[in-house]
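>>> sequence unknown, structure follows:
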RNA sequence: GCCGCCUUAGCUCAGUUGGUUAGAGCGCUAGAUUGUGGAUCUAGAGGUCCUCGGUUCGAGCCCGAGAGGUGGUACCA
C-alpha cells in the first residue's frame, strides 16, 4: 500500500513576528511595571481595549475591498463589517473616549499597554507585532498637560532603568513650522508635507541633504532620486534657520525661535505654548538634558496638531560581529486635537506619549550587557522509578516553602539530568537514590558552586569525585539546606 | 513600492570547468564514566542544496520565473 506522505509544514514564525522567551519577557514585565507605576503616580487610570477595532474607527487607513490589508491586518466579520487589528493605542483610546464621553470625568487620563500590529515590511528592530505603552490626557488644551506627559515620559525611562545620559526627549510644536511656511507663502498641503519630510531627515542627511530636499530634490548613493519640495531659496533659508535654532537650554532655544519665526499668528501661538511647557517643565524639575526643544522634530503622523515629542536613545553598542548597533526612536507622541472629533464632531483636545516597549527592552539589554538570565527551578533528579512518589513529596515540600521546584520528567540518565539542571541555570539539584532512602538522608548539590569551580578543574575524574558543593543531610533538613543554597544564588 | 546582494544540516559556512554516495566547525543525542554538570576522545542522528520550469547523457553549480532573507531608498497612522 503506497500512501501519499502528507506535506509537512515548515516550523517557522511568520516574518515580522517574534517568539520571546523568559528572559525577554521578564525584562518587558519589569519595564511595564515601572512605567505603570509612574503613570499611576500622576493619576492616570489603567485601561485595556480589545485587539480588534472596526476598521472605520482606525482612521483613514480603512481597508478597502481591493487591498484590505494595506498597512493593517484586517478581516471581515460575519456581518460583513471590516475589523482590523489596532496599529497603535491612540486610535482605540479616541474611540473609547468618544463612546463613553458622557460618563467620563474630564479631563480623562488613562494609560494602556499591549501589543499592536502593523502589516508592513519588517526590518531590524522593526516588527509587525510589538508592544506599546501609552499615556494620554483627553479633554485638556492646556500646554501644561503636554508638559506633564513629557515629565512622565522622562521619569518613565529612568524608572525602566535607562541611564540618564542614554536618552533625551526632543520636543517641538507643529504650529511653528506651519506658521513659518504660511508666512513664506507656502500654503499647498502637498508641499507642506514634503517640507515636513525633508526636515525630519536632518539627523540622517544633515543640513545639505535637507536643503536639497527642500529645493529641487536629492539623488542618493544608490542613484535613486527623491523629488524635493520645490521651495524658493528665501524660503529654504528661513526653514533651515528654523531647523537649526536649537540652543543649550529650552529658554535660549525659545528666544532664538522667536527671532526666526517672524510673527505669523500660528507661529506665535506655538511659541506661547512652548513657553508655558517650558515654565511647567522647570517647576517640575525636568532636566535640560532630558527634555530638549528641537525644531527638527517632526513625527510623520499627520494627526498631530501642536506639540510633538520624540524619545531618542544615544546608546551606541557593538553587536556580535563588531558592527555598531543603533536603536532608533524609543517612543514618541504629541498633541492631537482632532482625533476624537472624528467620532463626536466636537473638537476635543488630547495629548499623549507612547513607549516602544520592545525597543526599549532591546536597548536596556544592550546597555547592561545582555541582561540577566532567568534562573531555573530546583531540580529533583528522577533516579529510580520506584521512588517517584518520594520525589513528588520532596518537590511539594520545597514549593510549599516558596522554592520553585520541579521533578525531572524526562527519561534520561543521571548525567543528562545534571546537564538539564545546569543548562536551566538551576541553583540546586536534589539527589535521592537508594542510598539516601536507606540512610534517611537527602543529597543536595549546589550547582553554582560547581559552575564556579568548573573552570579550574581539568581532570574529569577529579571533577566527578570531588562532588563540588554537594552535601548529604538528614531528610528533615531538606528545606533548610535547599533554601540556604537558593538564597545564596539569588 | 523601487534598486543591489544573498538562499547548501538546528546555527555559521565550504563545495574545483557541469561528473559517482554533498562536506566542515559549532550545536544536538549517546558512550568512554553501573550515582554526577565543565574539558577531552569516540560514535550517532540530522539535507526538498529555497520553489517551479528550462538547457544537458548528467545540475548544488548554467538559463528563466517566482518566493524568502538582507542592505539601501521611499513610505510609516
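Yes, it's here. Values in this document were obtained by computation on a predicted structure and should not be read as measured data.

>>> quick one: contacts for the residue nearest to residue A:306 when sequence neighbours are not counted?
In this structure, residue A:306 finds its nearest non-sequential neighbour in residue A:335, 3.7 Å apart by CB to CB, 6 or more residues apart in numbering. For glycine as for every other residue, the C-beta is placed from the backbone atoms N, C-alpha and C. Residues in contact with residue A:335, defined by CB atoms under 8 Å, 6 or more residues apart in numbering, are A:146, A:304-308, A:349-351.

>>> What separation do you get for residue A:335 and residue A:172?
11 Å (CB to CB, to the nearest Å).

>>> and for the two, which residues touch both?
A:307-308.

>>> Domain-wise, how is chain A divided?
Per the record, chain A has its domains at A:22-51+A:86-184+A:232-368, A:378-489, by automatic domain parsing.

>>> okay, these, which one's buried deepest?
domain A:22-51+A:86-184+A:232-368 (a mean of 19; mean count of other CB atoms under 10 Å).

>>> ok, is it in contact with RNA strand B or not?
Yes: counting by CB under 7 Å from any atom of the strand, RNA strand B is contacted by domain A:22-51+A:86-184+A:232-368 at A:87-88, A:90-91, A:118-124, A:299-303.

>>> Find out how far that domain is from the centre of the chain, if you would.
Here domain A:22-51+A:86-184+A:232-368 is found 13 Å from its chain centre; the criterion is CA atoms, centre = their mean, to the nearest Å.

>>> do stretch A:398-413 as well
Worked out by CA atoms, centre = their mean, stretch A:398-413 lies 34 Å from the chain centre.

>>> So is that stretch next to RNA strand B?
Yes: using CB under 7 Å from any atom of the strand, stretch A:398-413 reaches RNA strand B at A:412-413.

>>> what separates the residue nearest to residue A:306 from residue A:299, distance-wise?
11 Å.

>>> which residues are common contacts for the two?
By CB under 8 Å, 6+ apart, the residues touching both residue A:335 and residue A:299 are residue A:308.

>>> I'd guessed residue A:45 sits against residue A:109; true?
Yes: contact criterion CB atoms under 8 Å: residue A:45 and residue A:109 qualify, at 6.7 Å.

>>> Could I get the average pLDDT for stretch A:376-394?
For stretch A:376-394, mean pLDDT rounds to 94.

>>> Do me a favour and get the end-to-end distance for that stretch?
17 Å (CA to CA, to the nearest Å).

>>> How far does that stretch sit from its chain's centre?
40 Å.

>>> hmm, who's touching the strand or helix carrying residue A:258?
Following DSSP states H and E, one finds residue A:258 within helix A:250-261. Helix A:250-261 has contacts (CB under 8 Å, 6+ apart) with A:176, A:179-180, A:183, A:238, A:241-242, A:245-247, A:267-268, A:270-271, A:274-275, A:278, A:281-282, A:288, A:291-295.

>>> Over to stretch A:399-415?
A:377-383, A:388, A:391-392, A:394-395, A:398, A:416-417, A:420-421, A:430, A:479, A:482-483, A:486.

>>> swap the cut-off to 6 Å and go again
Around stretch A:399-415, the neighbours that count as contacts under CB atoms under 6 Å, 6 or more residues apart in numbering are A:377-382, A:391-392, A:395, A:398, A:417, A:479, A:482, A:486.
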